[in-house]
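Asks: no sequence on hand, only this structure:
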C-alpha cells in the first residue's frame with residue numbers, strides 16, 4: 001500500500017469522524033484537541049516539516065478555530081487552509097454534502113453520493129422553508 005500523502009489537521013475527534021464520513025482516499029488526520037501546546041507542536045506538527053506530504057487545515061469557523069488556524073499558519077506556512085461556512089460554525093455541524101463539496105474543491109476523493117445531494121435542486125414536494133436536502137432554509 002502506498003504511503004499516505006495527505007495530512008489534514010482538525011480540532012477534535014468529532015471533526016475527524018465527520019470528515020471520514022465523506023472521504024474516499026487515505027488521509028492521515030491529526031486532532032489537535034482545539035489547542036496547540038509546545039509538546040503537540042513538537043510531537044505532531046514538526047514531523048510534517050520534513051515529510052513529503054500535502055498538509056491541509058480544516059478548523060471551526062469560530063474564535064478558538066481562528067486562533068488555532070493563525071497558530072498553524074505560523075507553524076506550517078505551506079499548509080492549505082480549508083474553510084467551513086460561518087453559518088455552520090463547526091466542522092462537525094457542517095452538512096455532509098457541504099463538507100464533501102469543500103473537500104472535492106481541494107482535490108480530495110469524496111463519496112460522490114454527497115456531491116449529488118449538494119447538486120440536487122430543491123423539490124416542490126418539500127414544505128416551505130426546507131431545501132431539497134431536507135434542511136431548513138435560512
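Replies: That came through, no problem. On a predicted model such as this, the values are computed, not experimentally measured, just so you know.

Asks: tell me the gap between the lengthiest helix in the chain and the middle of its chain.
Replies: Assignment by DSSP state H gives helix 63-75 as the longest helix of the chain. In terms of CA atoms, centre = their mean, to the nearest Å, the centre of helix 63-75 is found 14 Å from the chain centre.

Asks: buried residues in that helix?
Replies: For helix 63-75, a neighbour-count test (16 or more other CB atoms under 10 Å) marks 65, 68, 69, 72, 75 as buried. Every residue, glycine included, has its C-beta placed from N, CA and C.

Asks: pLDDT on the following helix or strand past it, on average?
Replies: For helix 63-75, the following helix or strand on the C-terminal side (DSSP states H and E) is strand 80-83. Strand 80-83 carries an average pLDDT of 95.

Asks: now swap in stretch 51-62 and tell me
Replies: For stretch 51-62, the per-residue pLDDT averages 90.
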